[in-house]
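# From the sequence below, what's the structure:
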Amino acid sequence: KKSNAGTSTQSKDSHVLPEDIAKAIAYLDTADYATNTHTYEVLDLFSGIGGFAYAGHLLGGFTTLDFVEIDPYCQQILRKNFPNVPIHDDITTFDTSFRFGEYDLITAGFPCQDLSSAGKQAGLGAGTRSGLFYRVMQIARQVRPKFILLENVANTISHNQGQTFQQILLEIAKSGYNAE
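Here you go, the predicted structure:
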């Protein structure tokens, strides 16, 4: 079902939310969600200290199977808070060749340094940190999760007069996902 473009709703904490997000949040308060016994299995890329995994734990219904995080300090926090979840240290060498269908969801807060208004504005080109977005999409094409959740800075939308965001949307579509 398509929603009207630009339609928004006030949330409990007075932030304006797009209508579809407001509906999703409202669903979390329903009996249908509370009785849902399906658990989504998650691959968490660029995990940081595990914000996505923690949110999934609080909501229930999400189990993180693997973290990929290069920062040693963040790895220490992940080990402490999620002691039974494997941590892989490099997205460029993380082997997904035998993991088709293993994950329902990929979460990824890919590097923002080249997209942030505070950064160098280098974009998604080869050799940029933000260019690791393409590795996320390569992994998604290999493991074929049902959903992908990407997070990045607000400037991603307007970077290079919006061309970078269009490039991201095109890559998502080429990988077989709907980014509406």
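# Could you use CA atoms for every contact and neighbour count after this?
Fine.
# Hmm, Asp71 and Ser47 touching each other?
No: Ser47 is not in contact with Asp71 according to Cα atoms under 8 Å; the separation is 9.4 Å.
# higher neighbour count, these two?
A count of neighbours by other Cα atoms under 10 Å puts Ser47 above the other of Ser47 and Asp71, at 24 against 14.
# Can you give me the distance of the more buried one to Phe82?
For Ser47, the distance to Phe82 equals 12 Å [Cα to Cα, to the nearest Å].
# all helices of this protein, in order?
19-27, 31-34, 51-59, 72-81, 133-143, 155-158, 163-174 (DSSP state H).
# could you dump the ones you listed to TSV with distance to Leu105 and mean pLDDT?
Formatted as TSV, the helices of the chain follow (distance: least, Cα to Cα, whole Å; pLDDT from 0 to 100):
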stretch	distance to Leu105	mean pLDDT
helix 19-27	16	63
helix 31-34	18	60
helix 51-59	11	91
helix 72-81	19	96
helix 133-143	9	90
helix 155-158	22	64
helix 163-174	14	82
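# Pipe those into TSV and attach distance to Thr107 per row.
Output for the helices of the chain, formatted as TSV (distance: least, Cα to Cα, whole Å):
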stretch	distance to Thr107
helix 19-27	17
helix 31-34	21
helix 51-59	7
helix 72-81	15
helix 133-143	9
helix 155-158	17
helix 163-174	14
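# of all those, which lies closest to Asp104?
helix 133-143 (9.1 Å; Cα to Cα).
# So which residues make contact with the closest one?
Outside helix 133-143, the residues that touch it by Cα atoms under 8 Å, 6 or more residues apart in numbering are 45, 91-92, 96-97, 99-103, 106, 108, 110-111, 124, 148, 171-172, 175.
# So how do I select the buried members of these in PyMOL?
Applying 16 or more other Cα atoms under 10 Å to the contacts of helix 133-143, the buried members can be selected in PyMOL as follows:
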select buried, resi 45+91+103+106+108+110+111+124+148+171+172
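# Which of the contacts of helix 133-143 fall within strands?
Leu45, Ile106, Ala108, Ile148 (DSSP state E).
# what's near enough to touch the second one?
Translated: Ile106. Val42, Leu43, Asp44, Leu45, Ala140, Pro145, Phe147, Ile148, Leu149.
# ok, the fourth one - contacts?
The one in question is Leu45. Leu45 neighbours (Cα under 8 Å, 6+ apart): Phe67, Val68, Glu69, Ile91, Ile106, Thr107, Ala108, Gly109, Phe110, Val136.
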